[in-house]
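Q: One predicted model, sequence on top.
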Amino acid sequence: SYSFCTLLINPNMRAALLLACVVACSGAPMIWPLPAQYTNGTTAILINGLAFKFTTKKSSADLTAAFARYTEQTFPHRPVGTSGIAVADVTVTNPSSELQLGADEAYTLSVTASAITITAGTQFGAYYAMETLSQLITFDFDTQQYLVKDGPWSITDKPRFMHREVLVDSARHFQPVASIKNIIQSFTYAKINTFHWHLVDKQSFPYMAPSYPKLAQKGAFSKYERFSQNDVQDVVEYARQRGVRVVVEIDTPGHAAAMCEGHPEICPSMECRQPLNPTTNATFDLIAGLFKDLKEVTIDDHFHIGGDEVDTACWTLTPHVATWMEQNHMTPKETYGYFSGRVSQSVFDMGKSVTGWEELWDHFGTKLDNRTIIQQWKRGSKIAKKAIEAGYRVIWSTDGVWYLDGLHVTWETMYEQEPCNGIPTESCDKLMLGGGGEMWGETVDTSDIQNTVWPRMAAIAERLWSPRTVTDTNAAAPRIAYFRCLLNRRGVGAAPVNNKKAREAPSGPGSCFDQ
């Protein structure tokens, strides 16, 4: 049992025994996240790592690139001998599908003694099948051969939720393109499909918007810590090739003080910078212009407009704004509604859908345009239930349990969360789009983003992918330990699983499986 293994493992044990114990202690396969349905046997199936290739009768540039990527990922060691299965036959109905919310991600995977077959409706489902296969294929250092243990395997899999995100904050600390691409690549290992890019904030404005270059020229931390228009496009394409959507957030009217350096006219004053100035069309023209610039280099149907944590004190304390509110018979709360409404409409007018933090629901309630997706984030919030009851779509990423900057929140706590508690199954299936882990950047930069995100994000990933009945942390413990070590072997700096505080280094020498 798992409890026996826990007692058995100690710092003096050989790594091989540790690994054997971790694997033996789990009744489920060492696949993360756990597939929706699977059966397996007890036979080891040899794989020819020297000659292995993916084949298909209906290909695309995306699929061809994925074949090369997953071949390299699956076979990192040079084996001895040419025995075993050398081909995986892949059948994809539409290998050039558009990547949008709700894309078909289902797949089947069969591994028998003589053949490997994959079927999927889109290339995205094929990517996930190849990821699962890459986790099933292991290298035996004693025989110098690749094999799939416990075969034959039959897997039918699809995600429970269509939206599975990690938010990355590139404004509180700059995240270079190389770091962003590395973290996006790591998403694929746990079948995360959305990069929520919190691009700018009050601390810095790193985006070189073609229409408003002064925003970054004067609002970035330095001349080196900026994103060009081509950088954004490159990130979007890199992510798309891996089945990862990029949803960009420009947070207003709060969290926007960095804009004042380049365009002071859109702020109440240089002494009281946010919320942004609601009294002038220049503010709304600039925000709309930013989204139009981003539309040129992004492909997703959604933009995130923020809308959270708006302290309206600057509006009441700045005379010309206070006078404007009085003349227009608006309270600060009504002014917030006016501001958010105009920004939302500008996004709708360019053919995009709007996502915003839960304050939008707090203000508008059922008056909110029902094309809007509401993202729940506040501790103890019941917004998800209320909004879904009213027919709105929701993303669940609650602070205190799914905020990755909460360093004392354990993977077990993250694993125990259920976005649809108190929500009827039918409503959940229709309107709860999913959720994710939010990696706010106050104490995170390139040096520690990977070990702050991983391995705890894996717990969230499994809750969003696997069936609702997969909830047992004791059953998950040996599997997440194994997955963390897999991440390390793939070059991801995932921290020890059992840290009391996330991202801490190992306490001393020892195996990956004993941390």
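A: Yes, it's here.
Q: what about the strands in the stretch 201-350 of the chain?
A: Taking DSSP state E, counting those that start in this stretch as the criterion, the stretch 201-350 of the chain contains strands spanning 245-252, 302-306.
Q: Next: the stretch 401-515 of the chain.
A: If you assign secondary structure with DSSP E, counting those that start in this stretch, the strands in the stretch 401-515 of the chain sit at 432-439.
Q: Run through the protein and note the low-pLDDT ranges.
A: 1-27 (pLDDT under 70).
Q: how does it look with 50?
A: Within the chain, the ranges that satisfy pLDDT under 50 run 1-17.
Q: Tell me where the longest strand sits in it.
A: If you go by DSSP state E, the chain has its longest strand at strand 145-157.
Q: how about it: buried residues?
A: Gln145, Tyr146, Leu147, Val148, Lys149, Asp150, Gly151, Pro152, Trp153, Ile155, Asp157 (16 or more other Cβ atoms under 10 Å). C-betas here are computed from N, CA, C, even on glycine.
Q: What's opposite the third one in the beta bridge?
A: In this case it means Leu147. Taking DSSP bridges, one finds Leu46, Thr138 as the beta-bridge partners of Leu147.
Q: Leu276 and Phe339 touch, don't they?
A: Yes - in this structure, Leu276 is within contact of Phe339 by Cβ atoms under 8 Å, at 7.5 Å.
Q: Spit out the contact partners of the nearest residue to Glu504 once chain neighbours are set aside.
A: Once its chain neighbours are removed from consideration, Glu504 has its nearest residue in Ala495; the separation is 6.5 Å (Cβ to Cβ, 6 or more residues apart in numbering). Remark: with contacts taken as Cβ atoms under 8 Å, 6 or more residues apart in numbering, Ala495 is in contact with Asn451, Thr452, Trp454, Pro455, Arg484, Ala502, Arg503, Glu504, Ala505.
Q: Show me which of those residues is closest to Val354.
A: Ranking the contacts of Ala495 by separation from Val354, with Cβ to Cβ as the measure, puts Thr452 on top at 28.9 Å.
Q: Contacts only, for the nearest residue to that closest one once chain neighbours are set aside.
A: What sits nearest to Thr452 in space, not counting adjacent residues and going by Cβ to Cβ, 6+ apart, is Arg503, at 4.6 Å. Contact partners of Arg503, counting by Cβ under 8 Å, 6+ apart, are Leu407, Asp448, Asn451, Thr452, Ala495.
Q: related to what we said a few turns ago, for the longest strand of the chain, which outside residues touch it?
A: Contact with strand 145-157 is made by 29, 35-49, 52, 75, 79-81, 83-84, 106-113, 128-129, 132, 136-140, as judged by Cβ under 8 Å, 6+ apart.
Q: buried subset of the residues you listed?
A: Using 16+ other Cβ under 10 Å as the burial test, those include 29, 35-36, 38, 40, 45-49, 52, 75, 79, 84, 106-112, 128-129, 132, 136-139 as buried.
Q: Is Ala459 in contact with Ile480, as I believe?
A: Yes - proximity of Ala459 to Ile480 meets the contact threshold set by Cβ under 8 Å, at 6.7 Å.
Q: what is in contact with those two at once?
A: With contacts defined as Cβ under 8 Å, 6+ apart, the residues shared by Ala459 and Ile480 are Trp411.
Q: When these two are compared, which one has more neighbours?
A: With other Cβ atoms under 10 Å as the criterion, Ala459 and Ile480 differ in neighbour count, and Ala459 comes out ahead with 28 against 23.
Q: Dump stretch 55-69 to PDB, restricted to CA.
A: This file holds the C-alpha atoms of stretch 55-69, laid out as PDB (Å, rounded to 0.1, in the frame of the first residue of the first chain):
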ATOM      1  CA  THR A  55       3.100   7.600 -39.800                       C
ATOM      2  CA  THR A  56      -0.100   9.000 -41.100                       C
ATOM      3  CA  LYS A  57      -2.000   9.000 -44.400                       C
ATOM      4  CA  LYS A  58      -3.500  12.500 -43.900                       C
ATOM      5  CA  SER A  59      -0.800  14.900 -42.700                       C
ATOM      6  CA  SER A  60      -0.200  18.600 -42.200                       C
ATOM      7  CA  ALA A  61       2.700  20.800 -41.400                       C
ATOM      8  CA  ASP A  62       1.600  20.900 -37.700                       C
ATOM      9  CA  LEU A  63       1.300  17.100 -37.500                       C
ATOM     10  CA  THR A  64       4.700  16.600 -39.200                       C
ATOM     11  CA  ALA A  65       6.400  19.000 -36.800                       C
ATOM     12  CA  ALA A  66       4.700  17.200 -33.800                       C
ATOM     13  CA  PHE A  67       6.000  13.900 -35.000                       C
ATOM     14  CA  ALA A  68       9.500  15.100 -34.900                       C
ATOM     15  CA  ARG A  69       9.000  16.800 -31.600                       C
END
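Q: how far does stretch 69-81 stretch from start to finish?
A: Taking Cα to Cα, to the nearest Å, the span from the opening residue of stretch 69-81 to its closing residue is 23 Å.
Q: Give me the contacts around it.
A: Here stretch 69-81 has contacts from 48-50, 52-54, 127, 130-131, 133-134, 137, 139, 141, 143-146, 489-490, using Cβ under 8 Å, 6+ apart.
Q: Okay, and which of the residues you listed map to helices?
A: Using DSSP state H, Tyr127, Met130, Glu131, Leu133, Ser134, Arg489 are the members of the contacts of stretch 69-81 that sit in helices.
Q: From those, list the buried ones, please.
A: By neighbour count, with 16+ other Cβ under 10 Å, the ones in helices among the contacts of stretch 69-81 hold Tyr127, Met130, Glu131, Leu133, Ser134 as buried.
Q: Let's have those residues in JSON lines, adding distance to Ser204.
A: Below are these laid out as JSON lines (distance: Cβ to Cβ, whole Å):
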{"residue": "Tyr127", "distance to Ser204": "33"}
{"residue": "Met130", "distance to Ser204": "38"}
{"residue": "Glu131", "distance to Ser204": "34"}
{"residue": "Leu133", "distance to Ser204": "41"}
{"residue": "Ser134", "distance to Ser204": "37"}
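Q: Looking at the residues you listed, which is nearest Thr471?
A: Distance to Thr471, by Cβ to Cβ, is smallest for Glu131 among those, at 22.6 Å.
Q: That closest one and Met432, how far apart?
A: In this structure, Glu131 and Met432 are separated by 24 Å, where distance is defined by Cβ to Cβ, to the nearest Å.
Q: Also Pro152?
A: With Cβ to Cβ as the criterion, Pro152 and Met432 are 35 Å apart.
Q: CA-only coordinates of stretch 458-475 in CSV, if you can.
A: Output for stretch 458-475, consisting of C-alpha atoms alone and laid out as CSV, is shown next (Å, rounded to 0.1, in the frame of the first residue of the first chain):
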residue,chain,number,x,y,z
ALA,A,458,0.1,19.2,-12.2
ALA,A,459,-2.5,18.8,-9.4
ILE,A,460,-4.7,21.5,-11.0
ALA,A,461,-4.1,20.0,-14.5
GLU,A,462,-5.4,16.6,-13.4
ARG,A,463,-8.5,18.1,-11.8
LEU,A,464,-9.3,19.9,-15.1
TRP,A,465,-8.6,16.9,-17.4
SER,A,466,-9.5,13.7,-15.5
PRO,A,467,-13.0,12.6,-14.5
ARG,A,468,-14.7,14.2,-11.5
THR,A,469,-14.3,11.0,-9.6
VAL,A,470,-10.5,11.2,-9.6
THR,A,471,-10.0,12.9,-6.3
ASP,A,472,-7.9,10.7,-4.0
THR,A,473,-4.7,12.5,-2.9
ASN,A,474,-3.3,9.3,-1.5
ALA,A,475,-3.7,7.5,-4.8
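Q: that older thread, nearest to Met330 among the strands of the stretch 201-350 of the chain would be which one?
A: Nearest of the strands of the stretch 201-350 of the chain to Met330, taken as Cβ to Cβ: strand 245-252 at 17.3 Å.
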